[in-house]
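Asker: Give me coordinates for this.
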Amino acid sequence: MNNFTVRLARDSYEVKAAQHLRYEVFINEMGATSNLVDHESRLEIDKFDEYFDHLLLFDNNKLEINMGVVGVYRLLPDYKLPTGASYYSEVEYNLEKLETSGRKIMELGRSCIHKSYRGGAALTHLWSGISDYVQRHGIEILFGVASFPGTDTTKIAASLSLLHKKYLAPENLMVTAKPPNNQRMDLVDWNEVDRVQAMKQIPPLIKAYLRIGGFVGKDAYIDQSFNTIDVCMLLDVNRADLKRLSVYKKEND
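Answerer: Residues are numbered from 1 along each chain as shown. I've put the predicted structure just below:
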């Protein structure tokens, strides 16, 4: 029986456990590359780790394996962003409208779950932790990139077109992908989109954001280093229903 705890990392050892899980998912499974990856220690690291909070999901029945860390999320409320620093998402998207909105914003990122725990309650527990964090810190807008695997847009053209047609963010929250890696999402005539099949192709995490009222920014972003096609997800906490976020669904959900 699963016995989970979700909380923020308390020390550098727990952050390294998160980085080890990210290595297993992003580097081993997805084939991502990065100059900061520590292959010898099997850690996926970047310059943003030092000022993010790291939300960890522990399986208390498996504490002897990677300290029990089976799910992770990075959280960065605006007040913790160092002066002169940028959000991870700013590598890919122009966030000016969010940053000048006058509202309390928070970036979500580097979300991953060990393959043995997908399809269960892991995402529910992580989002319960995020919901508590949001309420505690008075966060109003959540944002961050989420990914389709691979970089061939022809394979997911209908899904991107569905996101563009049905889930585009309102103008006051609109973020835009930066050139030269930006990619239009309205790739298929809406009348020709098989909407059921298009939704099936959308990864579970993105569907989870949509399920609770999430939007997408303008254009996708081709991330060659991570071997993904990214979209920027946005959630207005006043309009979203965090409690409706359910478990990871299978791809044919």
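
Asker: okay, and the helix or strand of this structure with the least pLDDT?
Answerer: When the helices and strands of the chain are scored by mean pLDDT, DSSP states H and E, helix 204-211 comes last with a mean of 89.

Asker: centre of the chain versus it, how much separation?
Answerer: On the basis of CA atoms, centre = their mean, to the nearest Å, the separation between the geometric centre of helix 204-211 and that of its chain is 10 Å.

Asker: And it, what's buried?
Answerer: Applying a neighbour-count criterion of 16 or more other CB atoms under 10 Å, the buried positions in helix 204-211 are 204-210. Just so you know, the C-beta spots here come from the backbone N, C-alpha and C atoms, and that holds for glycine as well.

Asker: do the same with stretch 212-224
Answerer: Within stretch 212-224, the residues that qualify as buried by neighbour count (16+ other CB under 10 Å) are 212-223.

Asker: now do stretch 150-161
Answerer: When burial is assessed from 16+ other CB under 10 Å, stretch 150-161 yields the following buried residues: 153, 156-161.

Asker: mind listing which of the residues you listed are in helices?
Answerer: In this view, the buried residues of stretch 150-161 that belong to helices under DSSP state H are 157-161.

Asker: Tell me where the stretch 51-200 of the chain has helices.
Answerer: In the stretch 51-200 of the chain, the segments counted as helices under DSSP state H, counting those that start in this stretch are 96-99, 122-137, 157-166, 195-200.

Asker: got these as CSV, with distance to Pro180 and mean pLDDT columns?
Answerer: Output for those, formatted as CSV (distance: least, CB to CB, whole Å; pLDDT from 0 to 100):
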stretch, distance to Pro180, mean pLDDT
helix 96-99, 19, 96
helix 122-137, 33, 91
helix 157-166, 18, 98
helix 195-200, 26, 96
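
Asker: Any stretches of this structure with poor pLDDT?
Answerer: Applying pLDDT under 70 to the chain flags residues 1-2, 242-253.

Asker: at 80 what do you get?
Answerer: Scanning the chain with the threshold set as pLDDT under 80 gives 1-2, 34-35, 120, 240-253.

Asker: Name the nearest residue to Ile105, sequence neighbours excluded.
Answerer: In space, Ile105 comes closest to Ile141 once its chain neighbours are excluded; the distance is 4.4 Å by CB to CB, 6 or more residues apart in numbering.

Asker: Identify the residues contacting that neighbour.
Answerer: 98, 101, 103-106, 173, 234-237 (CB atoms under 8 Å, 6 or more residues apart in numbering).

Asker: And the strands in the chain?
Answerer: For the chain, the strands identified by DSSP state E occupy 4-8, 53-59, 69-77, 93-94, 105-113, 141-149, 176-177, 182-183, 215-216, 220-223, 228-236, in order along the chain.

Asker: Turn those into JSON lines, columns for distance to Met199.
Answerer: As requested, these are arranged in JSON lines below (distance: least, CB to CB, whole Å):
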{"stretch": "strand 4-8", "distance to Met199": "28"}
{"stretch": "strand 53-59", "distance to Met199": "27"}
{"stretch": "strand 69-77", "distance to Met199": "24"}
{"stretch": "strand 93-94", "distance to Met199": "24"}
{"stretch": "strand 105-113", "distance to Met199": "20"}
{"stretch": "strand 141-149", "distance to Met199": "13"}
{"stretch": "strand 176-177", "distance to Met199": "22"}
{"stretch": "strand 182-183", "distance to Met199": "20"}
{"stretch": "strand 215-216", "distance to Met199": "14"}
{"stretch": "strand 220-223", "distance to Met199": "16"}
{"stretch": "strand 228-236", "distance to Met199": "14"}
